[in-house]
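A.B. asks: I need the structure of the sequence given here:
(3 chains, ligands or ions: 8)
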Amino acid sequence: MKMNLTFHPRFRLPLLAWILLALMGAAFVIAMVRYAVGIGAISDLSNAYPWGWWISFDLFTGVAISSGGFLMAGLVYILGVEKYRPLLRPSVLTAFLGYIMVAVALLVDLGQPQRIWYMMIYWNHTSVLLEIGICVMSYLLVLAIEFAPVVFEGLRWKKLAHFFHKFVMPFVILGVVLSTLHQSSLGSLLLIQPTKLHPLWWTAILPIIFFVSAVAIGLAMILVESSLSSRYFKRGLEIHLLEKVAKAIPIVLATYLLLKFGELAWAGDLGYLFTSGVMSVLFWAEILLGVVLPLIWFSFKRMRQSPKALLAGAILLLLGMILNRFNVSWFAVKHSDPLTYVPTFMSNVTYIPTLPEVFLSLGIFSAGILAFGLAAKYLPVFEDEHSQAHAPGGD
Amino acid sequence: MTEITHHAYLFDAVRCIACRACMVACSTENNIEMDKTRIWQSGVGVKGEFPILQRATMVYHCMHCNHPDCLSACPVGAYSKRPDGPVEYDPKKCIGCRYCMNACPFGVPHFDYDKGLIEGAFIDKCTFCPQRIDVGQEPACVATCPTDALEYGDRDELLKIAHARIAAHPERYLDHVYGEFENGGTSYLILSHVPFSELGLPDLPETPVNEVSEDVMALTIPFALSWGAVLSAVAAGVQIANRRSAAKAKVTEPIEAKPEEQTK
Amino acid sequence: MNDTLSRRDFLKLGAATAAAAAVGAMLPPKVAQAAYTAGLVNAAGDGYIPSMCEMCVWRCGVLAKIKDGRVVKLDGNPEHPHSRGNLCPRGQSGLMNTYDPDRVLTPLIRVGQRGEGKFRKASWEEALDLTASKMQAIKDTYGAEAMVFSSTHNLSQPQFENLLYGFGSPNYGTQRSLCFNAMITAFLLTYGIEEPSRNYKDVEFILMVGRNMMEAISTSETSELSHAIDRGAKLVYLDPRFTKTAAKAGEWIPIRPGTDSAFLLAMINVIVTNELGDCDFVKQYVVGCESLPAAMRSYTPAWAETITGVPAATIDRIAREFAAASHHAMVHPGWRTSNFVNSFQTERAIATLNAISGNVLTPGGCLSADVGAEGAGLGAPPQPPYPRLSALRLDGTPWKYPLVPLKLGVFQELRDAILTGEPYQAHGWFIARQNPILALPDRTKTLQAFEKMDFIATVDIILNDTAWFSDVVLPEASYLERFDPLLPVDGKAYIRQPVIEPQGEAKSALWIYKQLGERLGLGDYFQYEDEEDYLRQQLKPLSASLEEVKAQGYAEMPEEEKSDEITFNTPSGKIEIYSETLKNAGFSPWPTWEEPPAPAEGEFYLLTGKVAQHTQFGTQNNQLLHKYSDEPRLWMNARTAAGMGLADGDWVEITSPVGKAHTQLLATEAIRPDCVYLTPGYGHLSKGLTTAFGIGASDSALHVTYTDPISGGQALSQTFVKVSKA
Ligand SMILES: Nc1nc2c(c(=O)[nH]1)N[C@H]1C(S)=C(S)[C@@H](COP(=O)(O)OP(=O)(O)OC[C@H]3O[C@@H](n4cnc5c(=O)[nH]c(N)nc54)[C@H](O)[C@@H]3O)O[C@H]1N2
Ligand SMILES: Nc1nc2c(c(=O)[nH]1)N[C@H]1C(S)=C(S)[C@@H](COP(=O)(O)OP(=O)(O)OC[C@H]3O[C@@H](n4cnc5c(=O)[nH]c(N)nc54)[C@H](O)[C@@H]3O)O[C@H]1N2
Ligand code: SF4
Ligand code: SF4
Ligand code: SF4
Ligand code: SF4
Ligand code: SF4
Ligand SMILES: [Mo]
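C.D. replies: Numbers count the residues shown, from 1 in each chain, chains lettered A, B, ... in the order given. Ligands and ions are numbered 1, 2, ... in the order given. Now for the predicted structure:
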């Protein structure tokens, strides 16, 4: 345990941990209530709004911001860009935890969570959700395998670690394929709502658009993680690497812009850009925050080289893109018109997430952070620590 | 009634007096809980300004689409389409994801938000009363309708009747049978005197809304395979390239790297 | 699916019905055996049993689906002329009346104050003995006339009447004067028949005067009207509200309340002055046809326009359209014609219009004068004649209201007599299948009258407001649990039979009345062993056996031969547009215009009227109907409301000369600016109605008692109210 002893992060575990634990506790209670008396008891979900906060935040956002994992894996293993290796493990870890959080949230949102495995036995090949389900479940497995070496090293089971390293490659490839599929399929999920999703968002190329944005989000997440962890764990920031990551962002975002507006033009929907009231506003908010500004931002070398600027730019991008996920899966989805319905309980056509809904997500998120902290503390997540660990206080 | 090859309903908003006998009938026939319903009334209600007024309401339930979007969307195939029309739902398969509710452009499937794990939360929707139509009875809602605003029969027959009715009273009806083509055709056909949107019906293309999503899904497997192949090729290529330049620096070989470090 | 089904079992409601389920589960021989031998139900007791709906007085045929000893579904009986396979929402919901968790299933005797709702369960013995002894005591001390009896029309009415007339009281309150006195009296005086039957077969033009057929449903007639419209028949509909009938009408005329007779008189004027009528043809049948033009001269469309607010041109056109469709047209006689003190004149004008355009006279015409008297052609248990009734009727018929037929009476007038003790004091009230506290106008007055009573007994199935204020509540078996006397319709006698065993202790009215009768020494008026024996005696003249009738649902009746020469049961034997009888009684012999009062500035006409999902005041607690009902609100014209600074959904206070009510506002275009409307049957006082209590407001609390001196009909639209933000 020498390595771990010498490595002494002084992050404010106690206070933070207490808050996190409290949130987790709250989430647990909420979940139990839901399992006992139903989703209606803790959420504002209704027949008019079958999906809400959990889908937009935990599923759509959660999966998107976990995309760093497959990017780094692809970069390092497949393209063999070794210099990114230091960023690999943290990214894989965040992805791993991210997907676990998604899964947990879905187990609360599902009406019959105990039947989740039915997806494995009853296949309806026309269902986008089936694809997502299969991909996410399998990808979780892949991530486990990708992350396994770290765990075994932590436990110092070198043989096992070594073994997994040897056979990791096919899984990495599988992982990238699965990710490509479900990152894009989250977009496809909405293809079946052409009449419900606002034309500014609904397009046949939703899957492609989703994939490209997922790449941008993934890159941004890498920046955020690295800088945040470098702060908490008081370790050097791989600024030289991050700058290159940041350099890629404008290219991705440019592609995104082209696709997005190209499609709108092609579909003749440009008109909606300014004529759809709130929808237009939401659209521009997401485009400016998540695409235009970051594109400009990261085009400046100065920005790419300042840790603060990197973080700021990345957060900007993430905010915009998360808004995009919310728009597509919630704000821009039109449900039953407010006509007079009989019986009266039919006419509930508004949706405002309840506190329990939000706190459930927060609780799950807290668990994720806690897990990351612990992993970072007890497992060799930041490989470059080795070298640094030896420089000072080496006995 | 002629032999029925495709069970269907014809609803006539001009005839309907919104008495809701059909709804009560459905509730008893199908033993629906007091705070649930499979059939409801929608529409803008009274429109116009006193004294020039019109009523716009319809009786709403599952359209039993020819290309059901619920069925297309359900990951576990809980829905099935009978060759003779009715779209059925099997609670034994349902995982409660509620994707069908998002998929259905008519907002038909309803979910048990008030049920926990023990009771089990399921989807419910109009079943077309198989227990009745399969023994030659009309669906409960249709059977009781005092004005024949709801009728039941073979889809082609009902379409003939509908168009004949429009032809007989062009001043009374819009010259359109909703559901003949909407969403690829439905088994619930609707006649109206007011724009169908005022009855609460969505404006739908003649192609099923699930078309694009099904096309994309069809591409999944091929794409996955080819994408996987490409990646493998690239990976292999890179590996070889790295091996070649391996002599330069052993350090760049990840797998040997660590053990060495550890042994220091 | 079964597991989900059982989970969805909405019939599992409260202990009351859970227990009931247990009872029903083991079908005692009576019900099961008959149905089984008839092959209606299988050995398990599951199947369909024919019977008759009693959710309203139309009485459609039902096929009750039985499963595990419970009614699980009601279908319209295709063989029954009133249902033809259809049932209205109330009929469909019938089983929830039977399985209402609030059902009264044992006799109740009051222990607390009246209206407190404190009762104790009692045995039938005790409850019947108590009721009989109280009635007897009243009879002994004050005379039989001190007992008031009231009941709303139902199949066991003959036995109810045996009870009261046998007992010796003239005081008989029925719903009629609140409902159709104006129509019945007018048609009796004009045609000599109570209510002409309508025939929509080849009608081309229908004028309806506030007969909201699409909401105040009579299943078969509602569907006949609807099909006539589909065929292309034109419906012209007069109503201050845009009802669902108005929505189906070719022409809706939002006439000013109370002015229908002006509209109709002007139509007559147009027809006779332009000789559009069939006067020569009808001369031989119609008294006064010649001098009609003179009598109607002043009632020009221009004149009517100033009163009704309907353009003269419109009235003229409609009159001509109606005349043109002669023999294929009808002015519907209406049903609840208790709107204004001049509603009688409205009905007279309707009778006249139908006469002069020959609609009643042509065989198979749209209105036919031949209506078989109830029970005709059927046997009945023997019974002695009633004792002579010497005492005056407290409701003023006929001594105050000479032209009001005795069987109709003037229910609403009873209370003043009770409160004043004039001409004598009443001390007891026996009520069956009726809810006077909500049905009568001026609820406060009704409650005061109740106060005056030494004893009140009510026969009902739930704790309606009247039962709530009674001393003894006798639980009747619901219509799905009991036999009632056979009902002849179109040459067939239809049966109501138990399709499940009565829940709890509930018993049929036939049984209850017999038990009371015997205790009151009136056994001779109830000479039947039990319900089945009663029906057997009814069937005697017919060939059918009771078992056949149970299986088939009806018994064929012999064709009574019809003479094709048309006679009218009036003094002259003709249609009396000009009526000596009216003249002699000091009223206008002609249909005439009587100016009704109108609301003052800032006041509104308070309109009432049925909704399709409820019957009067008795079904609001039916959970199935409640589920599909609109919440009752005060309708007010949207612009009027805006003008008064009232918004949709606002809580408002409604003030009438006799009461106040609070409810939410419905701002709608569907009503005249000078009217407001409340759905009747809400604002219950009884906490024994767990579903209905606390919902809406009662218009009965607002209605002022106004009685038409000719027909004795109550004027329910003649109450004017103020509305302000609550
Ligand atoms: N669903 C249902 N159906 C029923 C019943 C029920 O309770 N519920 N009850 C049955 C019984 S007992 C009866 S009597 C019939 C009654 O059936 P209807 O005769 O139709 O009587 P209502 O529905 O009470 O009132 C009909 C209309 O009269 C209008 N009105 C009020 N004042 C005036 C006026 O001065 N002039 C005109 N032209 N219209 C006016 C009201 O706005 C209302 O819409 O319905 C029978 N059918
Ligand atoms: N404000 C206002 N007043 C009105 C009217 C209106 O429209 N508005 N309408 C008028 C008209 S048209 C009429 S006909 C009268 C009706 O006046 P009512 O006949 O007094 O009113 P209902 O509600 O029909 O009363 C029926 C009662 O019988 C009970 N009941 C139901 N089924 C059974 C059964 O099987 N057995 C027994 N024993 N009881 C049973 C019900 O619980 C209810 O209490 O009201 C008149 N009064
Ligand atoms: S029963 Fe017929 S008329 Fe009544 S609401 Fe249903 S469809 Fe309309
Ligand atoms: S209406 Fe909705 S639920 Fe019914 S079949 Fe069509 S898609 Fe499925
Ligand atoms: S909720 Fe049930 S039926 Fe609907 S899509 Fe999900 S699994 Fe299928
Ligand atoms: S068909 Fe059957 S299930 Fe569907 S609405 Fe009608 S009654 Fe209800
Ligand atoms: S009209 Fe409706 S409530 Fe009245 S008897 Fe017929 S079905 Fe029953
Ligand atoms: Mo009535």
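
A.B. asks: all contacts plus neighbour counts: C-alpha atoms, from now on.
C.D. replies: Will do.

A.B. asks: ok, for residue C:386, nearest residue in space, not its chain neighbours?
C.D. replies: Using CA to CA, 6 or more residues apart in numbering or on different chains and skipping residues adjacent in sequence, the residue nearest residue C:386 is residue C:166, 5.4 Å away.

A.B. asks: can you count the residues close to that neighbour?
C.D. replies: 25 (other CA atoms under 10 Å in any protein chain shown).

A.B. asks: ok, now which ones touch it?
C.D. replies: When contacts are counted by CA atoms under 8 Å, 6 or more residues apart in numbering or on different chains, residue C:166 touches C:386-387, C:522, C:525.

A.B. asks: report whether the helix or strand encompassing it contacts ligand 2.
C.D. replies: Using DSSP states H and E, residue C:166 sits in helix C:157-167. No - Helix C:157-167 lies out of reach of ligand 2 by CA under 6 Å from any ligand atom, never closer than 10.8 Å.

A.B. asks: and the average pLDDT for that helix is what?
C.D. replies: Averaging pLDDT along helix C:157-167 gives 96.

A.B. asks: list the buried ones in it?
C.D. replies: By 16 or more other CA atoms under 10 Å in any protein chain shown, the buried positions in helix C:157-167 come out as C:157, C:159-167.

A.B. asks: likewise stretch C:350-365?
C.D. replies: Those would be C:350-361, C:364-365, for stretch C:350-365 by 16+ other CA under 10 Å.

A.B. asks: cool, stretch C:61-79 as well?
C.D. replies: Result for stretch C:61-79 [16+ other CA under 10 Å]: buried residues C:61-77, C:79.

A.B. asks: next secondary structure after the helix holding residue C:166?
C.D. replies: Next along from helix C:157-167, by DSSP H and E: strand C:172-173.

A.B. asks: off-centre distance for that next one?
C.D. replies: 15 Å (CA atoms, centre = their mean, to the nearest Å).

A.B. asks: interface residues of the stretch 51-200 of chain B facing ligand 5?
C.D. replies: B:73-76, B:78, B:94-100.

A.B. asks: recalculate using a threshold of 8 Å.
C.D. replies: B:70-71, B:73-79, B:89-91, B:93-101, B:109, B:111, B:122-123 (CA under 8 Å from any ligand atom).

A.B. asks: picking that back up, neighbour-wise, which one of the contacts of residue C:166 leads?
C.D. replies: Going by other CA under 10 Å, residue C:525 tops the contacts of residue C:166 with 24 neighbours.

A.B. asks: buried set for the helix of greatest length in chain B?
C.D. replies: Across chain B, the longest stretch assigned as helix under DSSP state H is helix B:211-244. Applying a neighbour-count criterion of 16+ other CA under 10 Å, one finds B:211-214, B:216-217, B:224, B:227-228, B:231-232, B:235, B:238-239 buried in helix B:211-244.

A.B. asks: can you check stretch B:70-84 too?
C.D. replies: Going by 16+ other CA under 10 Å, stretch B:70-84 has these buried residues: B:70-81.

A.B. asks: where does the prediction get shaky in the chain?
C.D. replies: Since you didn't name a chain, this refers to chain A. A:1-13, A:338, A:383-395 (pLDDT under 70).

A.B. asks: my bad, the chain I had in mind was chain B
C.D. replies: B:1-2, B:246-264.

A.B. asks: please report phi then psi for whichever residue of the stretch 51-200 of chain B sits closest to chain C.
C.D. replies: At 4.1 Å from chain C, residue B:144 is the closest residue in the stretch 51-200 of chain B, using CA to the nearest CA. For residue B:144, the backbone dihedrals (degrees, to the nearest 10) come out as phi -90, psi -10.

A.B. asks: state which helix of chain C is the longest.
C.D. replies: With DSSP H as the criterion, chain C gives helix C:124-142 as its longest helix.

A.B. asks: the inter-axis angle of that helix versus helix C:157-167?
C.D. replies: In terms of direction (axes from the mean of the first three to the mean of the last three CA atoms, to 10 degrees), helix C:124-142 departs from helix C:157-167 by 40 degrees.

A.B. asks: for ligand 6, what are the nearby residues on the stretch 101-250 of chain B?
C.D. replies: So far as CA under 8 Å from any ligand atom goes, the stretch 101-250 of chain B lies against ligand 6 at B:125-130, B:139-142.

A.B. asks: in ChimeraX, select just the buried ones from those residues.
C.D. replies: A single ChimeraX command selects the buried members of those (16+ other CA under 10 Å):
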select /B:125,126,127,128,129,139,140,141,142
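
A.B. asks: check the buried residues of stretch B:70-84 and tell me the two furthest apart.
C.D. replies: B:75 and B:81 (15.2 Å; CA to CA).

A.B. asks: check whether residue C:85 sits in a helix, strand or coil.
C.D. replies: coil (DSSP: H, G, I helix; E, B strand; the rest coil).

A.B. asks: give me the pLDDT value at it.
C.D. replies: For residue C:85, the predicted pLDDT is 93.

A.B. asks: kindly report the same for the one 10 residues further on.
C.D. replies: On the pLDDT scale, residue C:95 is placed at 97.

A.B. asks: what is the neighbour count of it?
C.D. replies: Neighbours of residue C:95 under the rule other CA under 10 Å: 24.

A.B. asks: then residue C:567?
C.D. replies: Count around residue C:567 with other CA under 10 Å applied: 17.

A.B. asks: any idea how far residue C:365 is from the closest residue to it other than its chain neighbours?
C.D. replies: Excluding its sequence neighbours, the residue lying closest to residue C:567 (CA to CA, 6+ apart) is residue C:573, at 6.0 Å. Using CA to CA, to the nearest Å, one obtains 19 Å as the distance from residue C:573 to residue C:365.

A.B. asks: same deal with residue C:235?
C.D. replies: Going from residue C:235 to residue C:365 by CA to CA gives 17 Å.

A.B. asks: next: residue C:61.
C.D. replies: From residue C:61 to residue C:365 the distance is 26 Å (CA to CA).

A.B. asks: avg pLDDT for stretch C:482-497?
C.D. replies: According to the model, stretch C:482-497 has a mean pLDDT of 94.

A.B. asks: any chance you could list what contacts that stretch?
C.D. replies: C:50-52, C:81, C:155-156, C:374-376, C:479-481, C:498-499, C:501-502, C:507-510, C:531-532, C:534-535, C:538, C:549-550, C:553-559.

A.B. asks: report the buried residues of it.
C.D. replies: For stretch C:482-497, burial by neighbour count (16+ other CA under 10 Å) applies to C:482-489, C:492-497.

A.B. asks: what parts of the stretch 251-400 of chain C come near chain B?
C.D. replies: Listed as neighbours of chain B in the stretch 251-400 of chain C under the rule CA under 8 Å from any CA of the partner chain: residue C:254.

A.B. asks: where do the strands sit along the stretch 251-400 of chain C?
C.D. replies: Under the criterion DSSP state E, counting those that start in this stretch, strands of the stretch 251-400 of chain C are mapped to C:251-253, C:286-287, C:329-331, C:367-368.

A.B. asks: what of the stretch 101-250 of chain B?
C.D. replies: B:110-111, B:123-124, B:150-154, B:188-191.

A.B. asks: so which of those strands is nearest residue C:428?
C.D. replies: Once the strands of the stretch 101-250 of chain B are compared by CA to CA, strand B:150-154 is nearest, at 50.4 Å.

A.B. asks: for that closest one, the distance to its chain's centre please.
C.D. replies: What separates the centre of strand B:150-154 from the centre of its chain is 20 Å, taken as CA atoms, centre = their mean.

A.B. asks: parallel or antiparallel, list what pairs with that strand.
C.D. replies: Strand B:150-154 has its sheet partners listed here by DSSP bridges as strand B:7-12 (antiparallel).

A.B. asks: for the residue of chain A found nearest ligand 3, give me its contacts.
C.D. replies: Distance from ligand 3 to each residue of chain A (CA to the nearest ligand atom) is smallest for residue A:342, at 10.6 Å. For residue A:342, the contacting residues are B:40-42, C:628-630, by CA under 8 Å, 6+ apart.
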